[in-house]
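1. Predicted coordinates and the sequence they were generated for:
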Amino acid sequence: LDYGGGSAVAASGISISETTALNVTTVYACTAALSGIQSSLPCHVVQEVDGGTERRRDDYRYPLLHDAPNDEMDSGQWRQMCCVGSLLWGNGVSFIQLSPRGRVLGIWGLTSDRVSFSRDRATRRLAYTVTNETGSDTTLQPWQVVHFRELGYDGIVGKSRIGLHREAIGLASVTERHGAEFFGQGGRPGPVVTSPRRLTWAQTQNIEKLIASRRGPGNFSRPLVLGEGLSVAEYAMPHDDAQFLETRRFQVEEIAGRVFLMPLWMVGGEMNTSMGSTLEQQMIAFTTVNVAPRALHWERELTQKLFTTAEIAAGYRVKLDLRGLLRADHAQRISGYASAIQNGWMTRNEARALEDFNPGPAGLDEFMVQTGGAGLAIPARAPQQTGGPNERQRAAFSALYASAWSRVLRRGRQDWARVAAGRLDGTEWDREMDVYASEQLEPVHRSWEAVGGRADRRLSPLVECRGEADLEPVARDAAEWSMGGREETAAWLTSER
């Protein structure tokens with residue numbers, strides 16, 4: 001599976017690769033701006049509850065995503081590295097470090113030029129081959145990798161922007177080099193030397209060396225003395241005729257606007273009003289077209305790779321906050337907050353939080369409505385559901401609990417075989433299974449309690465891991481146990497039959 005990149009010579013004669021492309025100022029500016037924005041977006045673990053979302057700072061993955069995914073870089077540096085890989089190579093890849101029990105211990109960024117993509121011939125599954133610094137190869141499975149893709153043909157591997165637009169970047173590079181060489185020679189083309197008689201090859205070479213020694217920085221004022229009737233005339237080629245400035249300006253527009261979808265003013269160009277007449281309108285358009293689709297892909301990829309199926313069903317996901325990019329100017333923000341508070345869909349403390357102010361007194365958490373020009377306080381939160389969950393909710397959670405318990409019981413039976421064979425201590429098995437069961441069940445417990453259910457967190461059904469009984473009925477009865485079910489279920493599960 002080819003990502004379409006690598007080093008190749010463009011028609012302009014310049015060798016262009018993902019690394020050398022950064023020497024072009026427009027490519028560097030676009031890459032630095034987009035990766036900087038991606039790395040600065042606040043990253044949270046949230047859970048959907050009661051029709052809204054809550055940050056879950058108590059989740060063990062929160063500090064990995066929000067603060068530092070590993071011991072060598074913080075969250076912003078890791079995300080910037082991944083974004084640079086996806087912008088240039090089309091693929092930003094990271095390795096997920098897992099414990100033997102499947103717990104995420106860290107996330108390590110991989111340089112994109114060392115990762116290749118293929119399909120296993122036997123399973124037809126995607127495989128990631130990483131070339132280590134020693135030259136050896138390591139093959140990773142999809143569940144071991146966080147893969148941020150850019151635009152591609154198959155939805156599996158992103159295509160390199162540099163490879164797709166090598167000619168445009170090569171033209172910008174050769175134009176830049178031409179300008180540097182031209183002005184390095186005094187801003188004038190080489191002169192034309194004429195002689196009234198035929199010159200030998202050695203004489204021609206000596207004249208060329210003499211003229212070359214008078215060109216370049218520091219040599220403009222040195223006189224040039226020629227004899228034997230030689231005359232010198234300047235070779236005029238104004239850059240207006242060569243459209244030098246127009247070519248450089250067009251390449252900035254082509255690379256920034258068409259390849260990286262960036263507003264020109266963000267890379268030092270002129271402000272174009274086609275995306276809006278104000279900076280606020282242009283930022284909204286830029287966020288909608290460029291940043292938001294990438295952020296949504298990152299959220300879904302991180303959620304899929306870092307959370308279990310039960311946790312995702314319970315509403316857990318990763319959230320990148322884009323509100324900072326969509327902020328209006330101060331006067332418009334204050335006017336918007338005032339309208340939201342007066343119409344009763346935002347509290348004063350919520351407005352303070354959006355401006356990074358500390359919460360005020362408890363009374364500022366109440367919603368306000370306008371009645372006859374005066375503010376009237378109403379409760380800030382709707383009352384919690386009373387009467388317990390309904391039958392539809394109970395059926396849905398019963399399936400979630402049964403699925404979680406099925407995983408726990410099967411893992412327990414597999415590991416209990418090691419205890420029976422003497423390869424694992426029974427006390428160690430109890431402790432590890434308690435941790436694993438809590439990780440699998442706790443998200444479902446919390447969601448069950450949010451709809452008014454009563455969760456039983458005791459792990460007595462683990463006793464059934466040691467027998468030969470069919471685990472599927474046990475998982476269903478364990479679901480009733482966790483949901484505070486029938487007494488006979490509890491008595492059956494706690495008895496060591």
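-> It's in.
2. hey, let's count contacts and neighbours off CA atoms from now on
-> Fine.
3. can you give me the strands in the stretch 151-300 of the chain?
-> In the stretch 151-300 of the chain, the segments counted as strands under DSSP state E, counting those that start in this stretch are 192-194, 231-233.
4. Give me the buried positions along stretch 433-452.
-> Buried residues in stretch 433-452, counted by 16 or more other Cα atoms under 10 Å: 433-434, 436-445, 447-448, 450-451.
5. Going by distance to residue 107, which of those residues wins?
-> For the buried residues of stretch 433-452, the minimum distance to residue 107 (Cα to Cα) is 19.1 Å, reached by residue 439.
6. my guess is the closest one is in a helix, correct?
-> Yes. Assigned with DSSP: H, G, I helix; E, B strand; the rest coil, residue 439 falls within a helix.
7. before we move on, back to that, which two among the buried residues of stretch 433-452 are spaced furthest apart?
-> Pairwise distances across the buried residues of stretch 433-452 peak at 27.5 Å for 433 and 451 (criterion: Cα to Cα).
8. can you list the strands of the stretch 151-300 of the chain in CSV and add mean neighbour count, distance to residue 11 and mean pLDDT?
-> Putting the strands of the stretch 151-300 of the chain into CSV (neighbours: other Cα atoms under 10 Å; distance: least, Cα to Cα, whole Å; pLDDT from 0 to 100) gives the following:
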stretch, mean neighbour count, distance to residue 11, mean pLDDT
strand 192-194, 13, 29, 78
strand 231-233, 12, 33, 72
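9. Of those, which is nearest residue 58?
-> Here strand 192-194 is closest among the strands of the stretch 151-300 of the chain (Cα to Cα), at 77.3 Å.
10. Which strands and helices lie in contact with that closest one?
-> strand 231-233 (3 or more Cα pairs under 8 Å, 6 or more residues apart in numbering; DSSP states H and E).
11. now the helices for the stretch 351-497 of the chain?
-> Per DSSP state H, counting those that start in this stretch, the stretch 351-497 of the chain carries helices over the ranges 391-420, 426-450, 471-482, 487-494.
12. So what sits opposite the closest residue to residue 140 other than its chain neighbours in the bridge?
-> Closest residue to residue 140 apart from its sequence neighbours, by Cα to Cα, 6 or more residues apart in numbering: residue 128 at 5.0 Å. Applying DSSP bridges to residue 128 yields these beta-bridge partners: residue 117, residue 140.
13. For stretch 409-422, output the C-alpha coordinates as PDB.
-> Taking Å, rounded to 0.1, in the frame of the first residue of the first chain, the C-alpha atoms of stretch 409-422 are listed here in PDB:
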ATOM      1  CA  LEU A 409     -15.600 -14.400  32.700                       C
ATOM      2  CA  ARG A 410     -13.700 -15.600  29.700                       C
ATOM      3  CA  ARG A 411     -10.500 -13.800  30.600                       C
ATOM      4  CA  GLY A 412     -10.900 -15.200  34.100                       C
ATOM      5  CA  ARG A 413     -11.300 -18.800  32.900                       C
ATOM      6  CA  GLN A 414      -8.300 -18.500  30.600                       C
ATOM      7  CA  ASP A 415      -6.100 -17.200  33.400                       C
ATOM      8  CA  TRP A 416      -7.500 -19.700  36.000                       C
ATOM      9  CA  ALA A 417      -6.100 -22.500  33.800                       C
ATOM     10  CA  ARG A 418      -2.600 -21.000  34.500                       C
ATOM     11  CA  VAL A 419      -3.400 -21.100  38.200                       C
ATOM     12  CA  ALA A 420      -4.400 -24.800  38.000                       C
ATOM     13  CA  ALA A 421      -1.100 -25.500  36.100                       C
ATOM     14  CA  GLY A 422       0.900 -23.800  38.800                       C
END
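14. in terms of contact, does the residue nearest to residue 140 touch residue 142 like I think?
-> Yes. If you go by Cα atoms under 8 Å, residue 128 and residue 142 touch, sitting 7.4 Å apart.
15. So for the two, which sits in the more crowded spot?
-> residue 128 (22 against 15; other Cα atoms under 10 Å).
16. Against residue 108, how distant is that one?
-> 14 Å (Cα to Cα, to the nearest Å).
17. one step back: out of the helices of the stretch 351-497 of the chain, the one nearest residue 60 is which?
-> Checking the helices of the stretch 351-497 of the chain against residue 60 by Cα to Cα gives helix 426-450 as the closest, at 9.9 Å.
18. What is the end-to-end distance of stretch 82-99?
-> End to end - Cα to Cα - stretch 82-99 spans 23 Å.
19. where does the stretch 51-200 of the chain have low pLDDT?
-> Applying pLDDT under 70 to the stretch 51-200 of the chain flags the ranges 51, 181-190.
20. can you give me the helices in it?
-> If DSSP H, counting those that start in this stretch is used as the criterion, the helices of the stretch 51-200 of the chain fall at 62-66, 75-88, 161-164, 166-184.
21. Can I get those in JSON lines including distance to residue 484?
-> Listed next are those as JSON lines, based on distance: least, Cα to Cα, whole Å:
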{"stretch": "helix 62-66", "distance to residue 484": "30"}
{"stretch": "helix 75-88", "distance to residue 484": "40"}
{"stretch": "helix 161-164", "distance to residue 484": "56"}
{"stretch": "helix 166-184", "distance to residue 484": "64"}
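22. To residue 470, which of those helices lies closest?
-> Among the helices of the stretch 51-200 of the chain, the nearest to residue 470 by Cα to Cα is helix 62-66 (36.8 Å).
23. Run through who's touching that closest one.
-> Contact with helix 62-66 is made by 42, 43, 44, 45, 56, 57, 69, 70, 75, 106, 107, as judged by Cα atoms under 8 Å, 6 or more residues apart in numbering.
24. Quick one: buried ones out of those residues?
-> Among the contacts of helix 62-66, those classed as buried by 16+ other Cα under 10 Å are 42, 43, 44, 45, 69, 70, 75, 106, 107.
25. Which members of those are the farthest-apart pair?
-> Within the buried ones among the contacts of helix 62-66, 42 and 106 form the most distant pair, 18.6 Å apart (Cα to Cα).
26. if we can go back for a sec, would you turn the buried ones among the contacts of helix 62-66 into a markdown table with distance to residue 20?
-> Output for the buried ones among the contacts of helix 62-66, formatted as a markdown table (distance: Cα to Cα, whole Å):
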| residue | distance to residue 20 |
| --- | --- |
| 42 | 31 |
| 43 | 31 |
| 44 | 35 |
| 45 | 37 |
| 69 | 29 |
| 70 | 29 |
| 75 | 27 |
| 106 | 31 |
| 107 | 28 |
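27. Any idea how many residues pack against residue 82?
-> Residue 82 has 27 neighbours, counted by other Cα under 10 Å.
28. let me redo that: residue 152
-> Other residues within reach of residue 152, judged by other Cα under 10 Å, total 16.
29. about what we covered before: quick check: of the contacts of helix 62-66, which lies closest to residue 415?
-> The closest of the contacts of helix 62-66, once distances to residue 415 are taken by Cα to Cα, is residue 106, at 24.5 Å.
30. hang on, isn't the closest one packed against residue 67?
-> No. Using Cα under 8 Å, residue 106 makes no contact with residue 67, being 11.6 Å away.
31. which one is residue 96 nearest to, not counting chain neighbours?
-> In space, residue 96 is closest to residue 107, 4.7 Å off (Cα to Cα, 6+ apart).
32. quick one, what contacts that neighbour?
-> Per Cα under 8 Å, 6+ apart, neighbours of residue 107: 64, 69, 70, 94, 95, 96, 97.
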